[in-house]
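Asks: Whatever this is, show me its structure:
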Amino acid sequence: MLSFISSIIVNHSVAAFYEEMLHVKAATNVYEMNFYNEYEKVKKVLHAEGELAINNVEINFNSDGEVRQFNYETSYYRDGRDMNAWISLHNGNYQISTHVMDEELEMVNRENFISSPSIYFKALDLHGLKNMVPKGDSYYVSFTNSDAIHLDKNSSLWNIERSGITEKTAVAVTAEDNSETEEETEFEAYHISINTMNAMGAGAYQSDQVRYFIISPELFN
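Replies: Numbering: from 1, shown residues only. Below is the predicted model:
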């Protein structure tokens, strides 16, 4: 009985130490933001060991670059413990809620996470998010590590390379679709999607087009 009570006290003490609500000053305009530096701010305050693994990235902003929503979930290690945190930008600050991860949550959380988010954030910084969006009223950015990109008449495919951002022609896309190589699968596994939306009135928006940006392997290091 004494051992059981002691275990409860220890577990409660661990949760009290590691589970907290943190606030970190954040940039609020994506056209002026250094995404990698913002990511490093969060990582530093979490005392994370190594890179964060992130999930459910949501970046929504208007035509002036002002952030409407910037959220993501992360799992990471701290002092050898599996941790989970939810990050949300609100009133000029990142609100960060941390939790000690249990085994069930760990299995669910690690199914679709991105283990190298710095690649994505640096890709956004390389030429600037402003140079990646067409004319529109609102934009929604997400990250994907899947090798499947489904193109239709309202979507287009682009490359992010050190030399610049270029659109892939329909001929090039068709040629690559007809060749199954390991390099191409890895190449397409890291991409950023930007959904452009136009105002319809009364606070409603309609999706106009989607741009998929493949991150060149030269940017992986």
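
Asks: On the three-state scheme, Asp125 is what?
Replies: Three-state call for Asp125 (DSSP: H, G, I helix; E, B strand; the rest coil): helix.

Asks: Quickly note the distance from it to Ala26.
Replies: 15 Å (C-beta to C-beta, to the nearest Å). Every residue, glycine included, has its C-beta placed from N, CA and C.

Asks: Which one's more surrounded, those two?
Replies: Remark: of Asp125 and Ala26, Ala26 carries more neighbours, 20 against 15, as counted by other C-beta atoms under 10 Å.

Asks: check contacts around Leu36.
Replies: Careful, residue 36 is Tyr; it's not Leu. Ser118, Phe121, Lys122, Asp125 (C-beta atoms under 8 Å, 6 or more residues apart in numbering).

Asks: Low-confidence stretches in this protein?
Replies: Flagging of the chain using pLDDT under 70 yields the residue ranges 1-18, 103-112, 170-188.

Asks: which residues of it fall in strands?
Replies: Counting by DSSP state E, the chain has strands at residues 21-25, 53-62, 67-78, 81-90, 93-100, 138-144, 155-161, 164-167, 191-201, 204-215.

Asks: Switch those strands over to TSV; also include distance to Phe35 and mean neighbour count.
Replies: Below are the strands of the chain laid out as TSV (distance: least, C-beta to C-beta, whole Å; neighbours: other C-beta atoms under 10 Å):
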stretch	distance to Phe35	mean neighbour count
strand 21-25	14	12
strand 53-62	9	19
strand 67-78	10	19
strand 81-90	12	18
strand 93-100	13	17
strand 138-144	10	20
strand 155-161	13	18
strand 164-167	15	12
strand 191-201	11	17
strand 204-215	13	17
